[in-house]
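Colleague: Next come a sequence and a model predicted from it.
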Amino acid sequence: MKNRLLIAIIVAIVLAFASVFVFEGQMASVFWVGEFFLRSLKMIIVPLVMFSMVSGITALGDVRNLGRIGVRTLAFFGLTTLAAVALGTVLVAVLQPGAGLDVIAGAVPERVASKESIGFADIILGFVSNNIIESMAEMQLLPLIVFSLVLGGVLTTMGERGRPMAAFCESGNEAMMKIVHLVMLLAPVGIFGLVAGRFGKAVAEGGMDAFWAQLSAVGYYMFVVLLGLGIHGFIVLPLVLWATTRRNPLSYMRGMLPALLTAFSTASSSATLPVTLESVEEENGVDSRVANFVIPLGATVNMNGTALYEAVAVIFIAQALGIDLSFGQMLLVVITAALSAIGAAGIPEAGLVTMVIVLRAVDLPLAGVEMILAVDWLLDRFRTSINVWGDAVGAAVVAEAGGGAKLAPAHEHA
Ligand code: ASP
């Protein structure tokens, strides 16, 4: 069944690309089929995040276990994010995709202008909300995660009196995972709709030639972003996985393929979250107590691909505008790119908007974003897949570090 689903998804993607070559812009009309799949995934995210986090934490049994796992998770997220940004910065500084482009900054794109004033304080404030129900309704996952984390942690300190609520969340979590299995039956058709619909739309905007012209105008920049994402995804993260867990990175990646391909088609880590959780736990056998905690958190704050992309994009903009960045400014790019990746929501093209923080930190004109706007939707798909891959590797690494004798078997929790 699993293999058949994976093959069906791969066939769906191949057919989607083939259909755009044959029917070009007309394929935009099938997007609604993908939208149906996308909505079905999104429909389960809010209860899934809450149930999975609370049940993961209460199953850990002791709030000290949570502390240990929490520290390891944050260390993994922090180190891999910095590694990704550093890699992107070195690549873009060496390969110089923006050199000699000789462009003049135009207007500030509207999407970016509306976020002109977001800053560091907003990222921190984003962790809590005025009203948790409102956050749920608006799918702001970060406050929901913080709330679930605290709720789960508190329940573990309540002994018997915490049991009913913990049991409720455990049962809710199991039910949500069963719904994920049902939704995944739609995946091949949904992914076909998403890919054919979105690429069809891009072609519809001016024909195949205009589409290629748009890509080749910033082709070298795209190459550098993709090269960085490739090195991080196929070399750095697999090495970390192998070195810390002795798992075979290829078979781990194979188990994650449904999630990685869903990330590519939806361009949203949040929408992919149900599939990521399923693939990590059921395909790759990672301890669900750890995965239930690491994966929802990772889908919102751990974005290796976005961090790398922001560094490359900002330095590319500086190069194209003929602005030299000092070493200190480069360092500032590294730090702020990591921060704005944490601040980016797991939704399509969120990274483009939080890039404002990086641009402002080194005094670059926000209008520079204009240059990379046309291809952002495409690069978004690749970076989202790397974001999800980073979360998946993180779950395995943290589970290994917190596993064995250090973590009591699942049935012993209170
Ligand atoms: N779309 C990305 C994600 O959901 C965020 C980004 O725009 O970089 O992971």
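Modeller: It's in.
Colleague: where does the residue nearest to Phe211 when sequence neighbours are not counted land in three-state SS?
Modeller: Closest residue to Phe211 apart from its sequence neighbours, by C-beta to C-beta, 6 or more residues apart in numbering: Val203 at 5.0 Å. Every residue, glycine included, has its C-beta placed from N, CA and C. Classification of Val203 using DSSP: H, G, I helix; E, B strand; the rest coil returns helix.
Colleague: So Val203 is in contact with Glu24, correct?
Modeller: Yes: judged on C-beta atoms under 8 Å, Val203 makes contact with Glu24 at a distance of 4.9 Å.
Colleague: So which of these two has more stuff around it?
Modeller: Val203 (21 against 16; other C-beta atoms under 10 Å).
Colleague: any idea how far Phe264 is from the more buried one?
Modeller: Per C-beta to C-beta, to the nearest Å, Val203 is found 18 Å from Phe264.
Colleague: check which helix or strand covers the closest residue to the ligand within the chain.
Modeller: The minimum distance from the chain to the ligand, using C-beta to the nearest ligand atom, falls at Gly351 (2.8 Å). Element membership for Gly351, per DSSP states H and E: helix 350-361.
Colleague: Averaged pLDDT, that helix. What do you get?
Modeller: The predicted model assigns helix 350-361 a mean pLDDT of 89.
Colleague: Centre of the chain to that helix, how far?
Modeller: 16 Å (C-alpha atoms, centre = their mean, to the nearest Å).
Colleague: tell me the average confidence for whichever helix or strand comes after that helix?
Modeller: Remark: after helix 350-361, the chain's next helix or strand is helix 370-401, criterion DSSP H and E. Average pLDDT, helix 370-401: 94.
Colleague: Can you tell me which residues in the chain are near the ligand?
Modeller: Taking C-beta under 6 Å from any ligand atom, the part of the chain that reaches the ligand is made up of 267-269, 303, 306, 344, 346-351, 380, 383-384, 387.
Colleague: Please repeat the previous calculation with a cut-off of 8 Å.
Modeller: Proximity of the chain to the ligand is confined to 263, 267-272, 299, 303, 305-306, 309-310, 341, 344-354, 380, 383-384, 387-388 under the rule C-beta under 8 Å from any ligand atom.
Colleague: are any of those residues buried, and which?
Modeller: The neighbour-count test (16 or more other C-beta atoms under 10 Å) marks 263, 267-272, 299, 303, 305-306, 309-310, 341, 344-354, 380, 383-384, 387-388 as buried among the residues of the chain next to the ligand.
Colleague: Could I get the CA-only coordinates of stretch 170-179 as CSV?
Modeller: Output in CSV follows, covering the C-alpha atoms of stretch 170-179 (Å, rounded to 0.1, in the frame of the first residue of the first chain):
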residue,chain,number,x,y,z
GLU,A,170,-3.8,10.7,23.2
SER,A,171,-7.0,9.4,21.8
GLY,A,172,-7.5,12.6,19.8
ASN,A,173,-4.0,12.2,18.4
GLU,A,174,-4.6,8.6,17.3
ALA,A,175,-7.8,9.7,15.6
MET,A,176,-6.1,12.5,13.8
MET,A,177,-3.4,10.2,12.5
LYS,A,178,-6.2,7.9,11.1
ILE,A,179,-7.7,10.9,9.3
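Colleague: Show the pLDDT at Glu110.
Modeller: Reported pLDDT for Glu110: 69.
Colleague: for Met1, same thing?
Modeller: With respect to pLDDT, Met1 has a value of 52.
Colleague: what's the answer for Glu205, then?
Modeller: Listed pLDDT for Glu205 reads 81.
Colleague: what's the burial count for it?
Modeller: Glu205 has 12 neighbouring residues, counting by other C-beta under 10 Å.
Colleague: swap in Val94?
Modeller: Neighbourhood size, Val94 [other C-beta under 10 Å]: 8.
Colleague: What strand or helix carries Leu142?
Modeller: Counting by DSSP H and E, Leu142 is part of helix 141-156.
Colleague: which other residues reach that helix?
Modeller: Identification of contacts with helix 141-156 by C-beta atoms under 8 Å, 6 or more residues apart in numbering yields 45-46, 49-50, 53-58, 60-63, 66, 126-129, 132, 135-136, 162, 165-166, 169, 270, 293, 296-297, 299-301, 345-346, 414.
Colleague: Could you double-check that Met303 lies in contact with Ser340?
Modeller: No: counting by C-beta under 8 Å, Met303 does not reach Ser340; the two are 9.3 Å apart.
Colleague: who touches both of those two?
Modeller: With C-beta under 8 Å, 6+ apart as the test, Met303 and Ser340 both reach Gly351.
Colleague: so where's the chain uncertain?
Modeller: The chain contains residues with pLDDT under 70 at 1, 102-107, 110-118, 402-414.
Colleague: Go again with 80.
Modeller: The chain contains residues with pLDDT under 80 at 1-2, 100-120, 122-123, 206-208, 214, 402-414.
Colleague: residue ranges of the strands in it, please?
Modeller: For the chain, applying DSSP state E gives no strands.
Colleague: Give the residue farthest from the middle of it.
Modeller: Glu160 (37.0 Å; C-alpha atoms, centre = their mean).
Colleague: Now do stretch 393-404: everything it contacts.
Modeller: Residues contacting stretch 393-404 (C-beta under 8 Å, 6+ apart): 65, 68-69, 72-73, 76-77, 80, 237-238, 240-241, 244-245, 247, 252, 280, 284, 286-287, 290-291, 294-295, 298, 302.
Colleague: wait, Leu95 sits on Val225?
Modeller: No: counting by C-beta under 8 Å, Leu95 sits too far from Val225 to count as a contact (10.7 Å).
Colleague: who has more neighbours, the two?
Modeller: Ranked by neighbour count (other C-beta under 10 Å), Leu95 and Val225 place Val225 first, with 27 against 18.
Colleague: so who does the more buried one touch?
Modeller: Residues near Val225 by C-beta under 8 Å, 6+ apart: Gly88, Leu308, Tyr309, Val312, Ala313, Leu379, Phe382, Arg383.
Colleague: and the angle for the helix holding Gly351 with helix 370-401?
Modeller: 110 degrees (axes from the mean of the first three to the mean of the last three C-alpha atoms, to 10 degrees).
Colleague: No more questions from me, cheers.
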